[in-house]
Structures are given as C-alpha cells and as structure tokens.
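Q: Just to be clear, the model below is a prediction. Sequence and coordinates:
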Amino acid sequence: MKLLHRLAGILIAFCLMIILFITSVEAVVYWNPGYFQKEYEKYNVLDSLPPITMEDLLTVTDEMMDYLRGDRADLHVETTMDGQEREFFNAREIAHMEDVQGLFLKAILLRRIALGTAVLLMVLLVLSKAPLRRLLPPSLCIGTGLFFGLIALLTLIISTDFSRYFITFHHIFFDNDLWILDPATDMLINIVPEGFFMDTAARIAGLFGGLSLLLFCVCLCLSLKKPVRSH
C-alpha cells in the first residue's frame, strides 16, 4: 500500500507539471499584453505584407487567437490591405489553422483531464488514510524532478537545432503538408516567422521552468520540515 501511495503522489506531480506546462503556453500567448506587437516590430513583419496598418494586423491577430481557443466559429477574417477589403487568410492557411486549433483544444482538454486525475488521486489517498503530510511532499518532489528533467533534456536537444526539430514537431503532430506555406502567397508565415516561434518557445520554457522550480522548492521545504510532535 505504501508503494501505491508513493506512485499516486508521483502521478499527482506529473499531472501538476502538465497543468503548469499548458498554462505556461497559454500565459505567454494570451496573458502577455503587447507581446504580438513587440514581436511584429522586432521582425518587421509589416515589410513582408501588402500595405496594412499595425492596428489592423493586431485586430486580425486577436481574431486568430480567439479562433484557436474556440471563441470564434471560423477564420474568415476581413481586413484592409493595400487599400482593398479582403480576407487575410487564404484557404490553405485556414485549413492549417483548423489543425492547429484542434491541437490547442486537445491541450486544453488534457489540462482538464490532468486536473481531474490529480483531484481523484488526492481523494483516493484521503480515503485510504494515507499519511499525506509525510507522503505527499517527497512524492511531489520526485515526480516534479523527473518530469522537469525530461522536459529540460528535450529543451536542450531542441536548442541544438531549432529549425530541424520545429519541422519534426510538425511531422509528428500534423498528418498533412498544409503547414508548408509560401511567403509569397501566404500571410501566416510572414506574421509568425521562425524567430517568433523561437522567442515564444524560450518564454514558455522560462515561465514553465520558474513555476516548476517554485513547486519543487515548496515540496522540498515541506519534505525537510520536521513534523511537530505533541507531548
């Protein structure tokens, strides 16, 4: 039973790390005011597009991000480019973004499943009268350390050749070639160049790393803290 309790604690840690990772992704791209404008200015994306104002481009971006989260029914976004009203995204881009939306919504679902699993495991530990104060902190330390170690190793590998592993990511998560876009005809690849993804990945890694370290330190402190004995 003690081993099962320990495994349950480690699984809870894994669930918490999944929650932290997906939340870190969401925080960087949704909760970071002005992020897209700063990136657009950094990479001079307006120079790669038909004449469009930054305000209109940011409006298109807001609609795109709403779509990814399921807050918009489709990605047929009208805007003004080169003095003419037109749809910003073409059919190929829209089809690819449908795939991206599916991936994003699955990640949100995974976070809910991880949260539900963590709560269920906690309930089972309570019902089985596990010594939570003695068991949970070290189990969370072990689980957090293992999960973070795997993510850190993966991050280190990806950092050696971001372009290569960026392509590998698309081959793994997409079963078509819609993600292969042409800068001459497709707006999407021009507004989010590879540098944008590198910056975003770095921010996500930094935020996730900080939150993971905080969780680990809290668990470690609780593990090392001696329980107060009554006389």
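A: That came through, no problem. Residues are numbered from 1 along each chain as shown.
Q: for the lowest-mean-pLDDT helix or strand in the chain, the distance to its chain's centre please.
A: Here the helix or strand of the chain ranked lowest by mean pLDDT, DSSP states H and E is helix 132-160, holding a mean of 90. With CA atoms, centre = their mean, to the nearest Å as the basis, helix 132-160 stands 17 Å off its chain's centre.
Q: Would you mark the buried spots in that helix?
A: 135-145, 147-148, 151, 158 (16 or more other CB atoms under 10 Å). For glycine as for every other residue, the C-beta is placed from the backbone atoms N, C-alpha and C.
Q: Check stretch 62-82 too.
A: Buried residues in stretch 62-82, defined by neighbour count with 16+ other CB under 10 Å: 63, 64, 67, 68, 72, 75, 77, 79, 81.
Q: same deal with stretch 216-225?
A: The neighbour-count check on stretch 216-225 (16+ other CB under 10 Å) flags 216, 219, 220 as buried.
Q: about what we covered before: which neighbouring elements make contact with the least confident helix or strand of the chain?
A: Packing partners of helix 132-160 (3 or more CB pairs under 8 Å, 6 or more residues apart in numbering; DSSP states H and E): helix 2-30, helix 91-127, helix 194-224.
Q: Spatially central residue in the chain, please.
A: residue 25 (2.7 Å; CA atoms, centre = their mean).
Q: tally of neighbours for the closest residue to it other than its chain neighbours?
A: Closest residue to residue 25 apart from its sequence neighbours, by CB to CB, 6 or more residues apart in numbering: residue 204 at 5.4 Å. Neighbourhood size, residue 204 [other CB atoms under 10 Å]: 19.
Q: how much space between residue 204 and residue 32?
A: 11 Å (CB to CB, to the nearest Å).
Q: same check, this time on residue 134
A: Between residue 134 and residue 32 the distance, using CB to CB, works out to 39 Å.
Q: cool, residue 20 as well?
A: Taking CB to CB, one finds residue 20 at 16 Å from residue 32.
Q: Between the two, which is the more surrounded one?
A: Neighbours per residue, other CB under 10 Å: of residue 20 and residue 32, the larger number sits with residue 20, 23 against 13.
Q: right, and that one touches residue 210 too?
A: No - if you go by CB atoms under 8 Å, residue 20 and residue 210 don't touch, sitting 9.7 Å apart.
Q: residues touching residue 98, list them.
A: Applying CB atoms under 8 Å, 6 or more residues apart in numbering, one finds that residue 98 lies in contact with residue 75.
Q: Actually, residue 42.
A: 195, 199.
Q: hmm, back to that, wait, which of the buried residues of stretch 216-225 is closest to residue 116?
A: For these, the minimum distance to residue 116 (CB to CB) is 21.3 Å, reached by residue 219.
Q: So for residue 2, what's the pLDDT?
A: On the pLDDT scale, residue 2 is placed at 81.
Q: distance between stretch 59-78 and the chain's centre?
A: Here the centre of mass of C-alpha atoms in stretch 59-78, compared against the chain's by CA atoms, centre = their mean, lies 18 Å away.
Q: Dump the C-alpha coordinates for that stretch into PDB.
A: Presented in PDB, the C-alpha positions along stretch 59-78 are these (Å, rounded to 0.1, in the frame of the first residue of the first chain):
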ATOM      1  CA  THR A  59      -7.100  43.000 -34.900                       C
ATOM      2  CA  VAL A  60      -6.500  40.100 -37.300                       C
ATOM      3  CA  THR A  61      -4.200  38.500 -34.700                       C
ATOM      4  CA  ASP A  62      -6.900  38.900 -31.900                       C
ATOM      5  CA  GLU A  63      -9.400  37.100 -34.200                       C
ATOM      6  CA  MET A  64      -6.900  34.400 -34.900                       C
ATOM      7  CA  MET A  65      -6.200  33.800 -31.200                       C
ATOM      8  CA  ASP A  66      -9.900  33.800 -30.400                       C
ATOM      9  CA  TYR A  67     -10.300  31.100 -33.100                       C
ATOM     10  CA  LEU A  68      -7.600  28.900 -31.700                       C
ATOM     11  CA  ARG A  69      -9.300  28.900 -28.300                       C
ATOM     12  CA  GLY A  70     -12.700  28.100 -29.800                       C
ATOM     13  CA  ASP A  71     -14.100  31.600 -29.200                       C
ATOM     14  CA  ARG A  72     -14.700  32.200 -32.900                       C
ATOM     15  CA  ALA A  73     -16.500  30.000 -35.300                       C
ATOM     16  CA  ASP A  74     -14.200  30.300 -38.300                       C
ATOM     17  CA  LEU A  75     -11.100  32.100 -39.500                       C
ATOM     18  CA  HIS A  76     -12.600  34.100 -42.400                       C
ATOM     19  CA  VAL A  77     -11.300  37.500 -41.200                       C
ATOM     20  CA  GLU A  78     -11.800  40.600 -43.300                       C
END
